[in-house]
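>>> make a model of this:
(chains A and B)
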Amino acid sequence: MNPKASVEVASAQIKVSTATKTVPHNSNRIVNYNRKAESEFFVDNSALAGFTGERILYMAVRELIENSLDSCESNHSLPIISLSLKLLDPLNDMWIISCEDNGIGVPSDKVPVAVCSFLTSGKYVEKQQRGLFGVGLKMIAAFSTKDTDHPLKVWTKAQEEGSEYYFELRTDIGTNKPITLVRKALKTDEQIIESETGFKVEAVLRARLSPITKNRIYDYISQTSIVNPYAILIFESDEGKVVFDRRTKVMPQPAKEVLPHPADMDLKTLKKAISNFKNQKTTLVGVLCNSFQKLSGEKAKEIIARSGVRIMGADKYDEHELIKVVNICKQTKFQIPNTDHLSPIGEEILTAGMTSEYAIVINRQTHTIEQSLPQLSVKILKPSLTAYSSKICVINNRPTIVECGIAYGGDINSFKLFRFANKIPLLYDEGSDVAREVVSEVEINKMGISKKEVKEQFSNPDTKTARAVELLPIHIFFHICSTKIPYKTAGKESIASEGDLKRYMKACLADLYRKVSAQIRKELRMKEAEGRLHLYKYYIPLIVNAICESIKVDPNRLSEAFTDIAERHVRGEITSNPVIEKEDKITGERIDKEIHETSEVEDKILTNSVIQDDHHERTKSRRKPESKSHMPKKKNNTLGKDQTTLDVVNARKKR
Amino acid sequence: MTTTDKRHQEVVKKIKIIMRDISKDIITEKTMPVLDVPKVGYDNTLWSDVRRMLTIGKKTVQVSPDSTKKIPTFAQYIVMASAIRRLLDEQMESTIRGMYYATLSTVGDEKNKQKFWNSQENSDDAIKAVELLTGIPREEFSVTSKPKGMVSGPITLRVGGDLIDCNLRSRATSQLIPTNIRDVEIVNVKADFVMVVEKDTVLNNIRKSGFIKKYNAILLTGSGEPDRATRMMVKTLNEKWKKPVVIFADADPWGLGIALRYKIGSESLSYDSDRLVTPDAKVLGMLFSDIYEYNIPEVARLDASDEDINRANDMKKKPWLQDKQWQKELNLFLQRKEKCELDAFFKHGFKYLAEIYLPRKLREAGMI
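Model prediction:
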């Protein structure tokens, strides 16, 4: 019986009795204290691991890919991961999911517990990994056991064994023990793992998959490929098969296991450290400086002296004495922890991911009824510029690396924020993530552009956002790596603004904004110029038409001349300043004056005016002298106005 | 076909001069043409103590196809100017809405289509720009607005060739004030004074009561915000026909604002005050103090909105409302935060407004 549930029943009973005092106190109820197997606990509380109704398949995909990437990276081999998710039995919502990798594999004798027994993991060490808890794969096995009669199938080819083994497994949920149905070494012709080592799982799960969750799965895979551009990801579903190519052969430096930092010491870690040296007659000084980083013998002696405990064999201390040592450590300043156990993505790799961003797109072909099924394909976005910046900081005594990337323009046509924690894409709860706050709090004027400019250039009726940065065609990437990410919720989908994390993230983003400011300004200017050329193209005919129907002017001449000025203007040869200072602005006074002059000549100019191109005889020099110097000759008089404007647009693009 | 009307010819000629100057700039001088248009609005409106009206300041707006923002504006002004020239060439008349329709079009290509006008407001602005550049009000180039002003009383108009006696014996309706003012002429005025009220409903009530005959008055209303023709008629009656003008509007900042349109002008038409404003007109009511003086019952009073309060606070600072009486009135309003329409007098009886309130007010002012 679930102990928690019985406690609730008992307390409910008490409430009832106090409410209705006539009922005699029922003292027959006894609370049962039972131990619960880890597997049963996790199956009952599957939300703790993120396995909730809608998200089961999403979580399964996530766990499998993350395990595979960890497995490949621990051996520093370029990952090739092949994932398949297909509907097996639509009537009963049965899905078959499988994942194969070229990682280190799992030794055959460890396979059953590694796959089925909760809280059994090779990852309980102080280094950055995607998975940490040893729950994900077990959850898949347990759910498969719980909901279906299919065994979980495993193929493994471990480094140390060299031959391939096949398993059919189920989980005994009540005891957290694996049930091995089949275990056999495969003959050469039966082997399915193509690489030298590797691991493949195939499970049947009962789950519903809504279109939203399906898109999340696609997003997850796409975003995983952005931060793992050194991996080949193959994804196959009922809608088709997509391949994310490898874009770089550089892999991040693998994370190393490190000793804990003394600022992070507590009674448990200290006792564990001491027990590691059991029977070795080591002093406490020796235990301290061998079990914790940044702790020299000198420093250890100083700490012990300050804590006032006696010097003796490390295993002789009691908890009351040890807590004094812990307390002193908390009060002492140490060097900031080293970051060898962290594995940031790094500039080279993230840039590779950003410069060709892969995304799954769904094409709906509607040629025939049979073909109306959506088809998956891969779209590659190439931005016109990218930038990278990173910062190391200490959050909650843990070294933390903040990485930030920006991809701007090119194929990117809208704003998007990408969040990653230890190389895992975070897709849910964006609104409550610290990254969102950071993005809205860092002013875009750090890019050297104003909100007003951005709004003028990019706002369109479809965008509803008030934040200027969200109008830009920009993708912002945040990656936080740490052995302890300050997640907001157990679902690990958003990061809290813990300690100075936000400050560092803001500094990172501001750095990037500054880095790209010159280029973005240039892009903006080009866009502005392009927009202006388009406007001229649209409006010059209207103006020319209105003028030519009013007075006698050769429309072609006027339009050519106008286009010419417009282009020079856009190219910046005529800056806008002289226009304000232009001496012969058309004012009411000038018109009044000219109407009197005109009446003398009796409308000659108005009705028969042939406005001369060549006007040396003009006495009034109205143009500012300096603007004369860069008056280019017309390149080609025969060009139509549309052609000319377009030429300029193209020329600018080429540059 | 060209117009024979001298004034129209002048407009057309000025428009052609604008076009010619632009063409010269572009073809000969190879520079961007710049239209230098006086700025219209609150930040370029000045109070003239001497003329006792709002006048336009010296600020101007440069409209040139040299910036992304101004390219469409420039084109709009030129297209509108050309449309006005066409209108006059064809010897036709149009309302401002008609001009909007006549010049409607889309610009751009299939991929990027934009409207030439975002709304009629843009086209009204373009008409204003032509007025400002040519220095000729739009009524004189046959662009008018829908008539909404009304006049009733011993006044005879000649509209086109027809004589219209506005003193309708039946008291059944009032005469709309034509907006094509060039065709309108006041032939005869037999009244002793002119009374302007804010709304047509109030005017109808007063007319029906026999007020016109009893006090030998002309009743006039702009039906809310007065159009130019109504303002001009008030001015003409006051300055040319020497008839005193009194104004009654609702006792709220909005009503006071409308009364002041006649007396001091408005920011949006500050360039045309000389033609539109009647500085000698007297704003007699309805005062905020009248709400209490005449015991308007509480059910007929309205709560002031935040906008009313802001407006009143704003008005308190205006140079033309600095005399003690107005300051007292505005303070009273800001203190009680209550407003009231002229119609509220109907609560006291349908004839109360015309037979008690107005005569008393007019007597206090020495008008009757």
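>>> what's the neighbour count on the closest residue to chain A within the stretch 151-300 of chain B?
The stretch 151-300 of chain B approaches chain A most closely through B:Y271 (9.9 Å), counting by C-beta to the nearest C-beta. In this view, the C-beta of every residue, glycine as well, is placed from N, C-alpha and C. Neighbourhood size, B:Y271 [other C-beta atoms under 10 Å in any protein chain shown]: 23.
>>> with adjacent residues omitted, what lies nearest to it?
B:I56 (4.3 Å; C-beta to C-beta, 6 or more residues apart in numbering or on different chains).
>>> in contact with the one you found, which residues?
B:38-40, B:44-46, B:270-271, B:273 (C-beta atoms under 8 Å, 6 or more residues apart in numbering or on different chains).
>>> at 10 Å instead, please
Neighbouring residues of B:I56 by C-beta atoms under 10 Å, 6 or more residues apart in numbering or on different chains: B:38-41, B:44-46, B:132, B:265, B:267, B:269-273.
>>> do the same with A:A407
A:226, A:350-351, A:353-357, A:381-387, A:416, A:418, A:473-477, A:516.
>>> gap between it and chain B?
Remark: distance between A:A407 and chain B (C-beta to the nearest C-beta, to the nearest Å) = 25 Å.
>>> any idea how many residues pack against the closest residue to that residue other than its chain neighbours?
Nearest residue to A:A407, sequence neighbours excluded (C-beta to C-beta, 6+ apart): A:P383, at 3.8 Å. Counted by other C-beta under 10 Å, the residues lying close to A:P383 total 19.
>>> next: A:I380.
The burial count for A:I380: 13, using other C-beta under 10 Å.
>>> would you agree it is in contact with A:P229?
No. Using C-beta atoms under 10 Å, A:I380 is not in contact with A:P229, being 11.6 Å away.
>>> if we can go back for a sec, just the contacts of A:A407: which are in helices?
A:226, A:350-351, A:353-355, A:516 (DSSP state H).
>>> what's the residue nearest to B:Y271 sitting at in phi/psi?
phi -90, psi 140 (degrees, to the nearest 10).
>>> show me the domain layout of chain B.
B:6-144, B:150-364 (automatic domain parsing).
>>> please enumerate the helices of the stretch 1-150 of chain B.
Assigned by DSSP state H, counting those that start in this stretch, the helices in the stretch 1-150 of chain B fall at B:6-23, B:70-89, B:96-102, B:120-134.
>>> quick one on the thing from earlier: anything in contact with each of A:I380 and A:P229?
Common contacts of A:I380 and A:P229, defined by C-beta under 10 Å, 6+ apart, comprise A:244-245, A:247, A:355-358.
>>> scan the contacts of B:I56 and report the most crowded one.
Ranked by neighbour count (other C-beta under 10 Å), these have B:G265 at the top, with 30 neighbours.
>>> circling back: give me the beta-bridge partners of the residue nearest to B:Y271?
B:T45 (DSSP bridges).
>>> what is the burial count for whichever residue of the stretch 1-150 of chain A sits closest to chain B?
Residue of the stretch 1-150 of chain A nearest chain B, by C-beta to the nearest C-beta: A:Y58 (37.9 Å). Counted with other C-beta under 10 Å, residues neighbouring A:Y58 total 24.
>>> what does B:E364 give?
B:E364 has 11 nearby residues by other C-beta under 10 Å.
>>> need the contact list for it.
B:284-285.
>>> do B:G161 as well
B:D183.
>>> show me what counts as buried in whichever helix or strand B:Y292 is part of.
Per DSSP states H and E, B:Y292 falls inside helix B:288-293. Residues of helix B:288-293 classed as buried: B:288-291 (neighbour count, 16 or more other C-beta atoms under 10 Å in any protein chain shown).
>>> end to end on stretch A:202-210, go ahead and measure it.
Using C-alpha to C-alpha, to the nearest Å, the end-to-end distance of stretch A:202-210 comes out at 22 Å.
>>> any idea how far that stretch is from the chain center?
Centroid displacement of stretch A:202-210 relative to its chain, using C-alpha atoms, centre = their mean, to the nearest Å, is 26 Å.
>>> and if you look at stretch B:284-294?
25 Å.
>>> quick one: mean pLDDT for it?
Stretch B:284-294 carries an average pLDDT of 92.
>>> cool, and stretch A:89-106?
Mean per-residue pLDDT for stretch A:89-106: 92.
>>> for that stretch, measure first residue to last.
30 Å.
>>> now do the same contact list for the residue lying closest to A:Q457 once chain neighbours are set aside.
Take A:Q457 and drop its neighbours on the chain: the residue closest to it by C-beta to C-beta, 6+ apart is A:K527, 5.7 Å away. Each residue near A:K527 by C-beta under 10 Å, 6+ apart is listed here: A:409, A:457-458, A:473, A:652.
>>> and A:V243, by the same measure?
A:82, A:232-236, A:358, A:378.
>>> among these, which ones are buried?
Applying 16+ other C-beta under 10 Å to the contacts of A:V243 flags A:82, A:232-233, A:235-236, A:358 as buried.
>>> and the pLDDT for the residue nearest to the spatial centre of chain B?
Geometric centre of chain B, nearest residue: B:D227, 3.6 Å, by C-alpha atoms, centre = their mean. B:D227 is assigned a predicted lDDT (pLDDT) of 94.
>>> what does B:K347 give?
For B:K347, the model assigns a pLDDT of 91.
>>> if you drop the residues flanking it in sequence, what lies closest to it?
Nearest residue to B:K347, sequence neighbours excluded (C-beta to C-beta, 6+ apart): B:A300, at 4.7 Å.
>>> ok, A:V469 next?
Nearest to A:V469 is A:I444, by C-beta to C-beta, 6+ apart, at 5.0 Å.
>>> the one you found contacts A:I476, doesn't it?
No. With contact defined as C-beta under 10 Å, A:I444 does not reach A:I476; the gap is 11.3 Å.
>>> okay, and the common contacts of those two?
Taking C-beta under 10 Å, 6+ apart as the criterion, A:I444 and A:I476 both touch A:469, A:513.
>>> what helix or strand is the closest residue to chain B within the stretch 351-500 of chain A on?
Proximity of the stretch 351-500 of chain A to chain B (C-beta to the nearest C-beta) peaks at A:E456, 7.1 Å away. In this structure, A:E456 is located in helix A:451-458 according to DSSP H and E.
>>> pull out the buried positions in that helix.
Using 16+ other C-beta under 10 Å as the test for burial, helix A:451-458 gives A:453-454, A:457-458.
>>> list of residues touching that helix?
A:413-415, A:443-445, A:447, A:449-450, A:463, A:466-473, A:520-521, A:523-525, A:527-528, A:531, B:68-69.
>>> kindly recompute the last result at 6 Å.
The contact list for helix A:451-458 (C-beta atoms under 6 Å, 6 or more residues apart in numbering or on different chains) reads A:468, A:471, A:527.
>>> what is the nearest of the residues you listed to A:K157?
Nearest to A:K157 among the contacts of helix A:451-458 is A:L471, at 51.2 Å by C-beta to C-beta.
>>> what's the local residue count around the closest one?
Number of residues near A:L471 (other C-beta under 10 Å) recorded here: 21.
>>> thinking again about what came up before, can I get the CA coordinates of the helix holding B:Y292 in CSV?
Provided in CSV are the C-alpha atoms of helix B:288-293 (Å, rounded to 0.1, in the frame of the first residue of the first chain):
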residue,chain,number,x,y,z
PHE,B,288,-20.4,75.3,-15.3
SER,B,289,-21.9,77.5,-12.6
ASP,B,290,-25.3,77.4,-14.5
ILE,B,291,-25.6,73.7,-13.5
TYR,B,292,-26.0,74.9,-10.0
GLU,B,293,-27.5,78.3,-10.6
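>>> packing partners of it?
Contacts defined by 3 or more C-beta pairs under 6 Å, 6 or more residues apart in numbering or on different chains; DSSP states H and E place helix B:288-293 against helix B:324-336.
>>> which secondary structure elements does the helix it packs on contact?
helix B:288-293, helix B:306-316.
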